[in-house]
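Participant: Quick one, structure for this:
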Amino acid sequence: MDAQVAQNARAEAYAAPLDTLDMSDPARFQQDTIWPYFERLRREAPVHYCPDSPFGPYWSVTKYKDIMQAEVAHQVFSSASQLGGIQIEDQPKHLDRPSFIRMDPPRHDEQRKVVSPIVAPMNLARMETLIRERACRILDNLPRNEEFDWVKRVSIELTTQMLATLFDYPFEDRAQLTYWSDVAICNINDPESPVHTEQERFDELTKMAQAMSRLWNERVNEPPRYDLISMLAHGEATRNLEPREFMGTLALLIVGGNDTTRNSISGGLWALHNNPDEYRKLRDNPAVIPGMVSEIIRYQTPVAHMRRTAVADAELGGQKIKAGDKVVMWYVSGNRDDEAIEAPDRFIVDRARPRQHLSFGFGVHRCVGNRLAEMQLRILWEEILTRFPVIEVTSEPERVYSNFLRGIKSMKVRIPG
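Facilitator: As a prediction, this is how the structure comes out:
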């Protein structure tokens, strides 16, 4: 980030009246100028009420311990779709797409249990060889001494191939899965968004559901298999999903299998580029890779926030939350809380407690695919280090216009050779 831009952001963050701070502006995330605002909130108003925003009034929860408290109190802080769901922006009720991440127990637990075997240790062990083969093929086909887009050639390609495996989707059509993931999660106000109205989003995801229904209809009459469509078709809690719930569940699984890993692959390389001493430490000791993977996921924080809605009056961080209030847990801020994480603004490949982060959430909604995401990143970096002493990032990443995902749209790199 340009030093003047960073300086201006800090001055603005601390000059504004505290009650006017609104962390929902996607432009700040795209410009990567969010940090001084969150720093001030953690110091001065860890649970902060914003009375007016484009998304209505909401509470910002910015410190690690308060986020953890809200995460585990799912009886009070609800994820339910009918109350608005998991994003600061309410989902239009007439286009609602429920999924288990937008449910509370017990329905949440019943549906999550159906798909969790896909990432059971035995199944992960079976997938490791395949992931490694694909990572090797992708890396071996990268150009030398030539600028190219790391996001397109590596981050997207590896995760798209993995999605095709998880769904047992026709491999030659795998780009459709990435497209639907982008549709499901994009900000419709972004000029480069694939859709620009909620109705367009719904229509495109209807096409996704229709394509998946054809696979569902084949697999429901076959013996159960280890792919997500077969699991949904045979699962007691999911075999009779309503069409919109089917659509929402598919979108959740596609996004969950895509965005965390994709953006951590990109964000990890950017972090190493900006911390050459850590990059050198990694090259000298590849044994730090598993811990570095967790540090990448913390430092990048691919999901910037999760939202809950209070269903009863409660107290959080000394503030009185009323039933019906919107509560936004800023993972991206909690992961930089110096009361919970030592030197949180530093990227440290051999951090002592690397798994102490909020990027996967906590409690009943902790990311079901976290081990798969970690495994893909671990394998990729193991294979990178056997091939490339260094990968040079040649320009600042282009970031996604979103307050929900901390995504990287494009990042130009060069591999000396």
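Participant: Which residue, other than its chain neighbours, is closest to Arg346?
Facilitator: Closest residue to Arg346 apart from its sequence neighbours, by Cβ to Cβ, 6 or more residues apart in numbering: Asn275 at 7.9 Å. For glycine as for every other residue, the C-beta is placed from the backbone atoms N, C-alpha and C.
Participant: Can you get me a residue count around the one you found?
Facilitator: 17 (other Cβ atoms under 10 Å).
Participant: Tell me the spacing between it and Ile138.
Facilitator: Going from Asn275 to Ile138 by Cβ to Cβ, to the nearest Å gives 24 Å.
Participant: name the element Phe360 belongs to?
Facilitator: Counting by DSSP states H and E, no helix or strand carries Phe360.
Participant: Give me the distance between it and Thr261.
Facilitator: Phe360 sits at a distance of 12 Å from Thr261 (criterion: Cβ to Cβ).
Participant: Which one of the two is surrounded by more residues?
Facilitator: Between Phe360 and Thr261, Thr261 has the larger neighbour count (other Cβ under 10 Å), namely 25 against 22.
Participant: My read is that the more buried one contacts Met375, right?
Facilitator: No: distance between Thr261 and Met375: 9.5 Å, which falls outside the contact criterion (Cβ atoms under 8 Å).
Participant: Below-threshold pLDDT in the stretch 1-150 of the chain: ranges please.
Facilitator: Scanning the stretch 1-150 of the chain for pLDDT under 70 picks out the ranges 1.
Participant: what about the strands in it?
Facilitator: 47-50, 58-61, 77-78, 148-149 (DSSP state E, counting those that start in this stretch).
Participant: can I get these in JSON lines with distance to Ala120?
Facilitator: Below are these laid out as JSON lines (distance: least, Cβ to Cβ, whole Å):
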{"stretch": "strand 47-50", "distance to Ala120": "37"}
{"stretch": "strand 58-61", "distance to Ala120": "32"}
{"stretch": "strand 77-78", "distance to Ala120": "28"}
{"stretch": "strand 148-149", "distance to Ala120": "34"}
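Participant: Of those, give the one that comes closest to Leu250.
Facilitator: strand 77-78 (22.8 Å; Cβ to Cβ).
Participant: elements contacting the closest one?
Facilitator: Counting contacts by 3 or more Cβ pairs under 8 Å, 6 or more residues apart in numbering; DSSP states H and E, strand 77-78 is packed against strand 305-310.
Participant: helices or strands next to the strand it packs on in the packing?
Facilitator: On a contact count with 3+ Cβ pairs under 8 Å, 6+ apart, strand 305-310 meets strand 77-78, strand 326-330, helix 331-334.
Participant: Tell me which strands that strand pairs with, and in which orientation.
Facilitator: strand 77-78 (antiparallel), strand 326-330 (antiparallel) (DSSP bridges).
Participant: Helix or strand next in line after it, which one?
Facilitator: strand 314-316.
Participant: what does that following strand rub up against?
Facilitator: Val47, Trp59, Val61, Asp66, Gln69, Ala70, Ala73, Val76, Phe77, Lys320, Ile321, Val327 (Cβ atoms under 8 Å, 6 or more residues apart in numbering).
Participant: wait, Arg406 sits on Arg298?
Facilitator: No: with contacts defined as Cβ under 8 Å, Arg406 does not count as touching Arg298, sitting 11.7 Å away.
Participant: where do the contact lists of those two overlap?
Facilitator: Contacts common to Arg406 and Arg298, judged by Cβ under 8 Å, 6+ apart, are absent.
Participant: what's near enough to touch the nearest residue to Tyr179 once chain neighbours are set aside?
Facilitator: What sits nearest to Tyr179 in space, not counting adjacent residues and going by Cβ to Cβ, 6+ apart, is Pro194, at 6.7 Å. Counting by Cβ under 8 Å, 6+ apart, Pro194 touches Tyr179, Asp182, Val183, Cys186, Glu204.
Participant: same question, Val114
Facilitator: By Cβ under 8 Å, 6+ apart, the contact set of Val114 is Met231, Leu232, Gly235, Glu236, Ala237, Thr238.
Participant: Return the distance of it relative to Glu146.
Facilitator: Applying Cβ to Cβ, the value for Val114 to Glu146 is 45 Å.
Participant: One more: Asp337?
Facilitator: Distance from Asp337 to Glu146, by Cβ to Cβ: 41 Å.
Participant: These two - which one has more neighbours?
Facilitator: Using other Cβ under 10 Å, the more surrounded residue of Asp337 and Glu146 is Asp337, with 20 against 10.
Participant: I figured that one hits Leu41, correct?
Facilitator: No: assessed by Cβ under 8 Å, Asp337 is found out of contact with Leu41, at 10.7 Å.
Participant: shared neighbours, those two?
Facilitator: Residues touching both Asp337 and Leu41 by Cβ under 8 Å, 6+ apart: Thr62.
Participant: How about the contacts made by Arg244?
Facilitator: Going by Cβ under 8 Å, 6+ apart, Arg244 touches Asp96, Arg97, Pro98.
Participant: again, but for Ala312
Facilitator: Val76, Ala323.
Participant: now do 10 Å
Facilitator: Ala73, Gln75, Val76, Phe77, Ser78, Ile321, Lys322, Ala323, Gly324 (Cβ atoms under 10 Å, 6 or more residues apart in numbering).
Participant: again, but for Pro223
Facilitator: Ser230, His234.
Participant: Phi, psi for it please.
Facilitator: phi -60, psi 150 (degrees, to the nearest 10).
Participant: For Arg378, the count of nearby residues, please.
Facilitator: Neighbours of Arg378 using other Cβ under 10 Å come to 17.
Participant: pLDDT averaged over the strand or helix carrying it, what's the number?
Facilitator: In this structure, Arg378 is located in helix 370-387 according to DSSP H and E. Averaging the model's pLDDT scores along helix 370-387 yields 95.
Participant: what's the offset of it from the middle of its chain?
Facilitator: How far helix 370-387 lies from its chain's middle: 17 Å, per Cα atoms, centre = their mean, to the nearest Å.
Participant: May I ask which of the contacts of Arg244 has the most neighbours?
Facilitator: Ranking those using other Cβ under 10 Å puts Arg97 first, with 25 neighbours.
Participant: how about the nearest residue to it, chain neighbours excluded?
Facilitator: Gly248 (3.4 Å).
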